[in-house]
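Visitor: What follows is a protein structure lacking sequence information:
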């Protein structure tokens, strides 16, 4: 039975939904997602709300417990929607709850500035202070959190570790005022997938021995992504296995993709091993360049380094560039390298953690590109994490859920299109629920919803 949380309010409550740099906040929160509760907005998570529209939040808890709902607001501020001034007892029975619901005479009305908002629901089996030291002021309708968004998110994640399995958590993010991109132009796409690494042990200049075992689903993923995106990206080039060499990727970007005219959109998808090598030019905070690994790495003793990719991309004339990397650079046996140092016998040396990722290093600096194109980058995980592939999913985790999104499940606002942002939002949450140590990342400089596929 649906219940409405809260008491009758005489006034109209206006919730200002505005710009928030939530990528880091979302990445922190997603670490603690746990089944047992869901939270959504009436147009669907990842949807777009225009100014003046009313918004309704729905929470469904599988078990009775103590419910807290946080709202990550503009300017990195946080407030608590529930409990609130009018309903300070946050114990709920299992079931579905609506805020404010269809009966209560108050509304959440969205307002400028434009941006992204996150609502997060936590249900604990027992009473538990999620933010110790916080003095909740119920004199306002919704208590304000004194700490900023990222600090609040980190504290929440750390506190939930204490509760262990006796909690459930979900989150939902949505956009205010984002316009659907009206000009897509010609779609050009390069898809790269490598399974058949020859497992050569390659000793790099840094003294490390690099070893790349064969993978199973990268070629399949590249082919399926190409097929799924063909309607919007009819100009395609697909490089697979032995066709993925340093030279072939160089030619595909600087020779073929560079032909994409101004006004077009370019997409590059890579599925395979990632690695890292010692930084040569001092531009890396952690001392390592991130790389992707071509099939012929052992024969040529050559990776494709982030600095090279940046130079190649600087030649593109397209207006928009979308990059998808289903790989990692952490030095693992998943879609990253196993690195060992030879000291009498093969022993593995634990490398220091990567701090920065490939994204900041491959995006051309202002003034170094042929035109002022905007970019959107989706990576499979954080810099020091693994990108998993699964025999159960028969694909890489990121690719599997991106394909689900593109096949219609990502159209959360029901407008008949799956955008790049919707596809990421759909995939990222499900990847982490399935593989808790993998957190996909998004860098979005386009800031307009980019349509990738029309829902059949």
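Guide: Looks like it arrived, so ask away. Nothing here was measured: the structure is a model prediction, and the numbers come from that model.

Visitor: For residue 428, which non-adjacent residue is closest in space?
Guide: residue 440 (4.2 Å; CB to CB, 6 or more residues apart in numbering). To be clear about C-beta, it is placed using only N, CA and C from the backbone, and glycine gets the same treatment.

Visitor: And residue 88, how close does it get to residue 80?
Guide: Using CB to CB, to the nearest Å, residue 88 is found at 11 Å from residue 80.

Visitor: Compare these two (neighbour count), which wins?
Guide: It is residue 80, of residue 88 and residue 80, that has more neighbours when counted by other CB atoms under 10 Å, with 20 against 11.

Visitor: Tell me the predicted confidence for the nearest residue in space to that one that is not next to it in sequence.
Guide: Of all residues not flanking residue 80 in the chain, residue 143 sits nearest, at 4.7 Å (CB to CB, 6+ apart). Listed pLDDT for residue 143 reads 91.

Visitor: cool, and residue 387?
Guide: Here the pLDDT value assigned to residue 387 is 91.

Visitor: And for residue 286?
Guide: 45.

Visitor: same check, this time on the one 10 residues further on
Guide: Reading off the confidence values, residue 296 has pLDDT 84.

Visitor: ok, now residue 337?
Guide: Here, the pLDDT recorded for residue 337 equals 61.

Visitor: and what of residue 242?
Guide: In this prediction, residue 242 carries a pLDDT score of 95.

Visitor: Apart from its neighbours in sequence, what residue is nearest it?
Guide: Closest residue to residue 242 apart from its sequence neighbours, by CB to CB, 6+ apart: residue 295 at 5.5 Å.

Visitor: cool, residue 194 as well?
Guide: residue 272 (3.8 Å).

Visitor: do residue 378 as well
Guide: residue 324 (4.8 Å).

Visitor: Residue 268 is in contact with the one you found, correct?
Guide: Yes: counting by CB atoms under 8 Å, residue 324 touches residue 268, with 7.2 Å between them.

Visitor: Quick check, the residue nearest to residue 242 in contact with residue 241.
Guide: Yes: counting by CB under 8 Å, residue 241 is a contact partner of residue 295 at 5.9 Å.

Visitor: okay, now the domains of this protein?
Guide: What automatic domain parsing lists as the domains of the chain is 2-176, 187-454.

Visitor: looking at the ones you listed, which is buried most?
Guide: domain 187-454 (a mean of 20; mean count of other CB atoms under 10 Å).

Visitor: residue ranges with poor pLDDT in this protein?
Guide: Within the chain, the ranges that satisfy pLDDT under 70 run 1-23, 74, 102-106, 112-114, 178-183, 206, 277-288, 329-334, 336-373.

Visitor: Tell me which stretches of the stretch 1-150 of the chain form helices.
Guide: For the stretch 1-150 of the chain, helices defined by DSSP state H, counting those that start in this stretch occupy the ranges 22-29, 149-163.

Visitor: what packs against the last one?
Guide: Applying 3 or more CB pairs under 8 Å, 6 or more residues apart in numbering; DSSP states H and E, one finds that helix 149-163 contacts helix 22-29, strand 65-72, strand 115-124.

Visitor: what's the following helix or strand after it?
Guide: Next along the chain after helix 149-163, taking DSSP states H and E as the criterion, comes strand 167-176.

Visitor: quick one: contacts of the helix or strand following that following strand?
Guide: Toward the C-terminus, strand 167-176 is succeeded by strand 187-193 as the next helix or strand (DSSP H and E). Here strand 187-193 makes contact (CB atoms under 8 Å, 6 or more residues apart in numbering) with 218-223, 225-226, 229, 232-241, 244, 249, 252-253, 256-257, 259-260, 264-272, 292, 318.

Visitor: same thing but 7 Å
Guide: 218-219, 221-222, 225-226, 229, 232-240, 244, 249, 252-253, 257, 260, 264-272 (CB atoms under 7 Å, 6 or more residues apart in numbering).

Visitor: So which of the residues you listed sit within helices?
Guide: Secondary structure assignment (DSSP state H) places 218-219, 221-222, 225-226, 229, 249 from these within helices.

Visitor: Let's verify residue 426: helix, strand, or coil?
Guide: Counting by DSSP: H, G, I helix; E, B strand; the rest coil, the backbone at residue 426 sits in helix.

Visitor: I'd say it and residue 407 touch.
Guide: No: Residue 426 lies out of contact with residue 407 (CB atoms under 7 Å); the separation is 10.5 Å.

Visitor: Let me have the ones in helices among the contacts of strand 187-193 in TSV, adding distance to residue 382 as columns.
Guide: Output for these, formatted as TSV (distance: CB to CB, whole Å):
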residue	distance to residue 382
218	20
219	25
221	20
222	23
225	22
226	27
229	25
249	24
